[in-house]
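Asks: I need the structure of the sequence given here:
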Amino acid sequence: VQLVESGGGSVQAGGSLRLSCTASGYIGCMAWFRQAPGHEREGVATIDGYSSTTYIDAVRGRFTVSQDLSNHKYILYLQMNSLKPEDTAMYYCAADRQPYCRGTYAYWGQGTQVTVS
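Replies: Next up is the predicted model:
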C-alpha cells in the first residue's frame, strides 16, 4: 500500500489548511503524525476502521480527521483550523490494515510540509 499526502503549504497564524492522504489499497486504521525540526515525531490524530477518532490535546478542537471510503477509495483528511506557529512541521500520513488503531503502522507517506507564520 502506498500513501501519498497533499495539501501542505504556508499560511498565516489563524488560517486553515486541509491535508489529504490517498492510499493505493485497503487500510483500516489511519493516522496523522508530525515532526518539527529538533523535535521527535508525534501522533496528531487517528481514525480507525469504524470511524472512531482520537486527537492530541494540542490540536483538539482545531483539527478534524476524517476519511472517505466511498467507491473503493481510501482517503484520509486532516482539516486544520486556527493554525498556530507551533503547528509548523512535516506532516505524515500513516496507515495499517488492522481496523483498530494499536499504535503501529505498516505504511507511511513521504510527508507534506506545513508552515505557519
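Asks: ranges for the strands of this structure?
Replies: Using DSSP state E, the strands of the chain run over 3-6, 9-11, 17-23, 29-35, 42-47, 53-55, 63-68, 75-80, 89-96, 107-108, 112-116.
Asks: mean neighbour count and mean pLDDT added to those, as a markdown table?
Replies: For the C-beta atoms, the positions are set from N, CA and C on the backbone; glycine is no exception. Formatted as a markdown table, the strands of the chain follow (neighbours: other Cβ atoms under 10 Å; pLDDT from 0 to 100):
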| stretch | mean neighbour count | mean pLDDT |
| --- | --- | --- |
| strand 3-6 | 18 | 94 |
| strand 9-11 | 14 | 97 |
| strand 17-23 | 20 | 96 |
| strand 29-35 | 22 | 97 |
| strand 42-47 | 20 | 97 |
| strand 53-55 | 15 | 97 |
| strand 63-68 | 18 | 95 |
| strand 75-80 | 22 | 96 |
| strand 89-96 | 23 | 97 |
| strand 107-108 | 16 | 96 |
| strand 112-116 | 18 | 98 |
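Asks: who's in contact with Ile56?
Replies: 42-45 (Cβ atoms under 8 Å, 6 or more residues apart in numbering).
Asks: next, the contact list for the closest residue to Val4 other than its chain neighbours, please.
Replies: Residue nearest to Val4 in three dimensions, not counting chain neighbours: Thr22, with 5.2 Å by Cβ to Cβ, 6 or more residues apart in numbering. By Cβ under 8 Å, 6+ apart, the residues touching Thr22 are 3-4, 6, 73-76.
Asks: change it to 10 Å
Replies: 2-6, 68, 73-76, 93, 109 (Cβ atoms under 10 Å, 6 or more residues apart in numbering).
Asks: do you know the pLDDT at the residue lying farthest from the centre of the chain?
Replies: The C-alpha centroid of the chain is most remote from Asn71, which lies 21.2 Å away (Cα atoms, centre = their mean). Looking at Asn71, its pLDDT is 79.
Asks: right, I'll call it a day here.
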